[in-house]
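S.K.: The following comprises the amino acid sequence and a computationally predicted model.
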Amino acid sequence: MKSLTVFMQYVLADASTWCDTSTIRDLQTITERSEHEGLSFLTITLPNFAKDFQRSLDQGQVGHDQFAGFSRAGGLPRFLGGFLDHVFDRSSGRLLDSPCTACIHSVRQITLACEKINLECSEARKRKAIRGYIECEKEVRDADRNLPADLSAGFDRVSNLLWSEVFSAANLAVGRGEIIPRHGPGGTADATRGNAKWLSTVYTRRLDRGALPLGTALLPSDRHWQCLTDFPDLLEPGEEPPVKVVLVPKTLKTPRVIAMEPTWMQFMQQGLLAVLTSAAKRVDYAWQLVGWSSQVPNQQMARTGSIDGSLATLDLSEASDRVSNQHVRALLRRYPDLFEAVDACRSRKADVPGHGVQRLAKFASMGSALTFPMEAMVFMTIVFLAVEKVHNRPLSHRDIQSLVGQVRTFGDDIIVPVRYVSATIELLETFGLKVNSNKSYWNGKFRESCGKDYYDGVDVTLARVRSVFPVSRKDAHEIVSFVSLRNQMYQQGYWKTARYLDGEIGRLIPFPSIHPGSPVLGRHTFLDFEVQKMCPHLHRPLVRGVAIKAIIPANKLDGIGALHKILTLKQFNDLPFVDSEHLARSGRSSAIALHTGWHTPCEWGVGE
């Protein structure tokens, strides 16, 4: 707590220099309230201040119901007043004609710096998140029952117009048996990890019945059919184990709810994801609407919207958990092979802590490899249904092409032209989805999407504290996060904060100046990187510093499992990029080690 308060002191000092204003009283407020309210002031109360600030930017004025806990009489608060007075008129609360973007950035940096620190929230908040998951299920079922017939028919028609080429190609690939399953890096409901996933002997009747037969999925080739005698009976639908609902840290206000899929489900989902991705990339306009491999287009469109006000950025709450299975069935109903494969890869039940096993109305929570592409296409279908409503006529392919570059979804980040916002929000909520009004913008010049924030075209993205500050060299993960924070603050021009972090990091590890491409944990700099000596063999510059070594768990794989893994990686062209010891060690690193030695301070080829 003390370290975070000191960190905030330097952030305020830098912001004061950038914006030519005093922050003495602001620091006093942060110090006193942090001592009185604890960590929640930095992680919950200040982020709530930021939400009201951003809402005021969007509305063009400060509302009397905003900045609760900071403004007794309503209106513009005195806290951070030196910055706010360069953004809003204090007497009227209206946004200035030319607000200071440096002050906007500073307010957000100060108030949001500690919002997403990686700490577990209270048990009461965890229980509330689980109750929210159960309530969300009920609301999804209600939305399915109450959806008007004309909207259901419209969804079917528009989805066919948008995705027919994508789904036709994917349906053909599934029908031809071109699915190549693979294992993802995540945890599974049955706690199988790393190479052990390739030895799974469990399969379901639903998967085996269609385009994903057991032998094709779990054996390296037809020559190994005799190995099927080692497999138990296929699990009938009623015998299938549920996904495991777990909580992971998000903010101290609320955790993130995800679901861990069984190993064999995750295996086939990854194969179908590859088929869908390949099919979508072949249809140029489709990939521009929902491409799920890059956030950059959304970020660029958010910047455009902040400049000319033409594009809105919308954010959804509980987005994955509110996509109904009925939505996905409507998308795929014309494509029987693809539909059967996707349905077979969907877990139908979830083991919810404190509530037992629940049958799911949602398609899938975060944790399924198919959640992201399916939700993207569902959201985009609803967006074009809203476009159709505004124009009061059926859309054509020409209409769709005309909006390429103006509409896009990436997960729950949606971008639409401002003229369609009202209709889009109305239809999203009619379909059972929930628009997060605190993170959706379309009136003013502030926009945020996919981790980038802009005001009038100026990047006002902040640096966040992601973990508690390290106290010894043993805190390897915290040191890595600490170094990243330092370099982000330096890049943003927070020099005093960067120097303070330099001193704190230097007490724990050697901390030389490096090029950003160096393998060393070091100080990024706009000046030349440091050179302490030259390598006598390769004649390249060296510095003494710390490099990260991931400790991969020992997990030996041989026999049929090893052959299956090798052949699968070869088909995905991943084999050249896999560690040479991948058959001996696998899975996500259980820990990291910091190795001190002589390393190059620059990227290979730079400075040599």
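M.R.: Right, received. Where do you want to start?
S.K.: From here on, just use CA atoms for contacts and neighbour counts.
M.R.: Fine.
S.K.: Ranking helices and strands of this structure by mean pLDDT, which lands last?
M.R.: None of the helices or strands of the chain scores lower by mean pLDDT, DSSP states H and E than helix 214-218, at a mean of 77.
S.K.: Need the nearest residue in space to Leu212, chain neighbours excluded.
M.R.: Ala341 (7.1 Å; CA to CA, 6 or more residues apart in numbering).
S.K.: quick one: contacts of stretch 141-155?
M.R.: By CA atoms under 8 Å, 6 or more residues apart in numbering, the residues outside stretch 141-155 that reach it are Ser324, Gln326, Ala330, Ala361, Thr381, Ile382, Leu385, Thr430, Phe431, Gly432.
S.K.: Go through whichever helix or strand comes after the least confident helix or strand of the chain and flag the buried ones.
M.R.: Sequence-wise, the next helix or strand downstream of helix 214-218 (DSSP states H and E) is strand 243-248. For strand 243-248, the neighbour count (16 or more other CA atoms under 10 Å) marks Val243, Lys244, Val245, Val246, Leu247 as buried.
S.K.: and these as CSV, adding pLDDT and distance to Gly493?
M.R.: Formatted as CSV, the buried residues of strand 243-248 follow (pLDDT from 0 to 100; distance: CA to CA, whole Å):
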residue, pLDDT, distance to Gly493
Val243, 95, 46
Lys244, 96, 44
Val245, 95, 42
Val246, 94, 39
Leu247, 93, 36
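S.K.: Put the buried members of the contacts of stretch 141-155 into a ChimeraX selection.
M.R.: Per 16+ other CA under 10 Å, the buried members of the contacts of stretch 141-155 correspond to this ChimeraX selection:
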select :324,326,330,361,381,382,385,430,431,432
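S.K.: Nearest to Trp198 among the contacts of stretch 141-155?
M.R.: Ala361 (30.4 Å; CA to CA).
S.K.: Kindly state the pLDDT recorded for the closest one?
M.R.: Predicted confidence (pLDDT) for Ala361: 96.
S.K.: Check Arg182 too.
M.R.: 87.
S.K.: Just list the residues touching it, thanks.
M.R.: Phe267, Met268, Gln270, Gly271, Thr568.
S.K.: quick check, the fourth one in a helix?
M.R.: Put plainly, it is Gly271. Yes: the assignment for Gly271 is a helix, going by DSSP: H, G, I helix; E, B strand; the rest coil.
S.K.: so how far is Ser368 from it?
M.R.: 12 Å (CA to CA, to the nearest Å).
S.K.: Compare the two and say which is more crowded by neighbours.
M.R.: More crowded of Gly271 and Ser368, by other CA atoms under 10 Å: Ser368, with 25 against 20.
S.K.: what's the distance between that one and Gly587?
M.R.: Counting by CA to CA, the gap from Ser368 to Gly587 is 18 Å.
S.K.: What of Asp412?
M.R.: 28 Å.
S.K.: Near Val520, how many residues? Count them for me, please.
M.R.: 28.
S.K.: Need the nearest residue in space to it, chain neighbours excluded.
M.R.: Ala547 (4.8 Å).
S.K.: So Tyr454, which state does it fall into?
M.R.: Under three-state DSSP, Tyr454 comes out as strand.
S.K.: all helices of the stretch 1-150 of the chain, in order?
M.R.: Remark: helices assigned in the stretch 1-150 of the chain by DSSP state H, counting those that start in this stretch are 2-19, 24-37, 39-40, 46-59, 81-84, 101-112, 123-146, 149-175.
S.K.: count of neighbours near Asn146?
M.R.: 12.
S.K.: Report pLDDT for it.
M.R.: For Asn146, the model assigns a pLDDT of 95.
S.K.: residue contacts, Val401?
M.R.: Val isn't right for residue 401; it's Gln. So Gln401 contacts Tyr285 (CA under 8 Å, 6+ apart).
S.K.: Can I take it that it is in a strand?
M.R.: No: counting by three-state DSSP, Gln401 falls outside a strand, being helix.
S.K.: For Leu395, see how far away it is.
M.R.: For Gln401, the distance to Leu395 - CA to CA - is 11 Å.
S.K.: what angle sits between the helix or strand harbouring the residue nearest to Leu212 and helix 149-175?
M.R.: If you go by DSSP H and E, Ala341 is part of helix 336-344. Helix 336-344 and helix 149-175 are oriented at 100 degrees to each other (axes from the mean of the first three to the mean of the last three CA atoms, to 10 degrees).
S.K.: Just after helix 336-344, pick out the following helix or strand.
M.R.: strand 349-352.
S.K.: Would you mind pulling the contact partners of that next one?
M.R.: By CA under 8 Å, 6+ apart, strand 349-352 touches Ile130, Pro241, Pro242, Val243, Lys244, Val245, Val246, Ala259, Val357, Gln358, Arg359, Leu360.
S.K.: repeat for stretch 525-539
M.R.: 490, 512-515, 540-544, 601-602, 608.
S.K.: just to revisit the earlier point, buried stuff in the least confident helix or strand of the chain?
M.R.: Leu214, Gly215, Thr216, Ala217, Leu218.
S.K.: and if you look at stretch 551-559?
M.R.: Buried, per 16+ other CA under 10 Å, within stretch 551-559: Ile552, Pro553, Leu557.
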